[in-house]
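K.L.:
Sequence and predicted structure below; questions after.
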Amino acid sequence: MEKNTLLQVWPIPAFDDNYIWCIHDGHHALVVDPGDANPVLEYLAQENLTLMGILITHHHADHTGGILQLLQSLGASIPVYGPVGADIPGRTQVVMEGDKVEIASPRISLEVSEVPGHTLSHIAYFANMQANIVEPMLFCGDTLFASGCGRLFEGTPTQMSQSLAKFIALPKNTLVYCTHEYTLSNIRFALAVEPNNANLMSWALTAQALREHHLPTLPTTIGQELQVNPFMRCDQKEVIDSALEVSGEKSLPTPAHVLAVIRAWKDRF
């Protein structure tokens, strides 16, 4: 394989709304958050791909449940990268903030960021511009969604705000590979927060058309999320005003305070 062959990223559907992302060069593959082994095995066989590594963002079963079966079926020596904690079966390498995951085949370098909020040990993998990548890529698990963010099962609003700030700082053309097809429900909530957001209204029509044709709404981009995602827009007047109205507070001094209000609002929406 030519070393500059462009990498492909393919969504393997799982469960009701998960995507297991497969990064491959036509011969060798990585998979991200394989909650179910069977669809991964089917796709790898269909495309004649050899699995060279598994990337895990957090410990929830719908992201880790297929690891051991993949190792049993395809080889116990396949490396499994993941965050700290004893609850990721088969993990061979703990990775933390600033670590680099270097994969020879498919050829890719990924930088790890710690992004607590959804879980305390959640991480994301970022691939900046490389010879075989057209645009930067972010594999962010359940921290950031198209037009939404993950529930705060373990972390705090401040942690989630700080995690999303790391994503806000990425290049706007970064492709965002989230792991759930939650987009339409997220858009409905986002429109409640920002009913006058023209970009969001346009995106609602586009996303609806994609889903009507059974197509993924992902990947999104950082630039897109900065325009339509209320959790990435906690410094914007309409988002702040909606949060003030819902909370009854006189002021919400930081984006983290705004995020706390709208995340709680989303939970009961």
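P.N.:
That came in fine, so what should we check first?
K.L.:
in the protein, what spans have low per-residue confidence?
P.N.:
1-4 (pLDDT under 70).
K.L.:
again, only this time at 50
P.N.:
1-3 (pLDDT under 50).
K.L.:
can you give me the strands for it?
P.N.:
8-14, 18-24, 28-32, 50-55, 80-82, 93-94, 100-103, 108-114, 123-127, 137-141, 144-145, 148-149, 175-178, 220-221 (DSSP state E).
K.L.:
Quick one: closest of those to residue 265.
P.N.:
strand 148-149 (12.0 Å; Cβ to Cβ). C-beta coordinates here come from the backbone N, C-alpha and C atoms, glycine included.
K.L.:
For residue 156, list the residues it contacts.
P.N.:
residue 117 (Cβ atoms under 8 Å, 6 or more residues apart in numbering).
K.L.:
before we move on, back to that, now the strands of the chain as JSON lines including mean neighbour count and distance to residue 250?
P.N.:
Shown next, in JSON lines, are the strands of the chain (neighbours: other Cβ atoms under 10 Å; distance: least, Cβ to Cβ, whole Å):
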{"stretch": "strand 8-14", "mean neighbour count": "17", "distance to residue 250": "44"}
{"stretch": "strand 18-24", "mean neighbour count": "23", "distance to residue 250": "41"}
{"stretch": "strand 28-32", "mean neighbour count": "24", "distance to residue 250": "43"}
{"stretch": "strand 50-55", "mean neighbour count": "22", "distance to residue 250": "44"}
{"stretch": "strand 80-82", "mean neighbour count": "23", "distance to residue 250": "43"}
{"stretch": "strand 93-94", "mean neighbour count": "13", "distance to residue 250": "44"}
{"stretch": "strand 100-103", "mean neighbour count": "14", "distance to residue 250": "46"}
{"stretch": "strand 108-114", "mean neighbour count": "19", "distance to residue 250": "34"}
{"stretch": "strand 123-127", "mean neighbour count": "24", "distance to residue 250": "35"}
{"stretch": "strand 137-141", "mean neighbour count": "26", "distance to residue 250": "34"}
{"stretch": "strand 144-145", "mean neighbour count": "28", "distance to residue 250": "30"}
{"stretch": "strand 148-149", "mean neighbour count": "26", "distance to residue 250": "25"}
{"stretch": "strand 175-178", "mean neighbour count": "24", "distance to residue 250": "35"}
{"stretch": "strand 220-221", "mean neighbour count": "21", "distance to residue 250": "34"}
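K.L.:
so which of those gets nearest residue 236?
P.N.:
strand 148-149 (15.2 Å).
K.L.:
which other helices and strands contact the closest one?
P.N.:
helix 183-193, helix 255-267 (3 or more Cβ pairs under 8 Å, 6 or more residues apart in numbering; DSSP states H and E).
K.L.:
export those helices to TSV and tack on mean neighbour count and distance to residue 177?
P.N.:
What follows is those, written out as TSV (neighbours: other Cβ under 10 Å; distance: least, Cβ to Cβ, whole Å):
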stretch	mean neighbour count	distance to residue 177
helix 183-193	20	13
helix 255-267	21	22
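K.L.:
among the strands of the chain, which is nearest residue 258?
P.N.:
Nearest of these (Cβ to Cβ): strand 148-149, 12.4 Å.
K.L.:
before we move on, back to that, can you put the helices and strands packed on strand 148-149 in CSV and add distance to residue 147?
P.N.:
Shown next, in CSV, are the helices and strands packed on strand 148-149 (distance: least, Cβ to Cβ, whole Å):
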stretch, distance to residue 147
helix 183-193, 4
helix 255-267, 11
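K.L.:
Can you say which of those helices is nearest to residue 12?
P.N.:
Nearest of the helices and strands packed on strand 148-149 (Cβ to Cβ): helix 183-193, 17.6 Å.
K.L.:
Please write out the alpha-carbon positions of the closest one in CSV.
P.N.:
Extracted in CSV, the C-alpha atoms of helix 183-193 (Å, rounded to 0.1, in the frame of the first residue of the first chain):
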residue,chain,number,x,y,z
THR,A,183,-28.8,14.6,15.9
LEU,A,184,-32.5,15.1,15.3
SER,A,185,-33.4,15.1,19.0
ASN,A,186,-30.5,17.3,19.7
ILE,A,187,-31.6,19.8,17.1
ARG,A,188,-35.1,19.9,18.5
PHE,A,189,-33.6,21.0,21.9
ALA,A,190,-31.1,23.4,20.3
LEU,A,191,-34.0,25.1,18.6
ALA,A,192,-35.7,25.6,21.9
VAL,A,193,-32.5,27.3,23.2
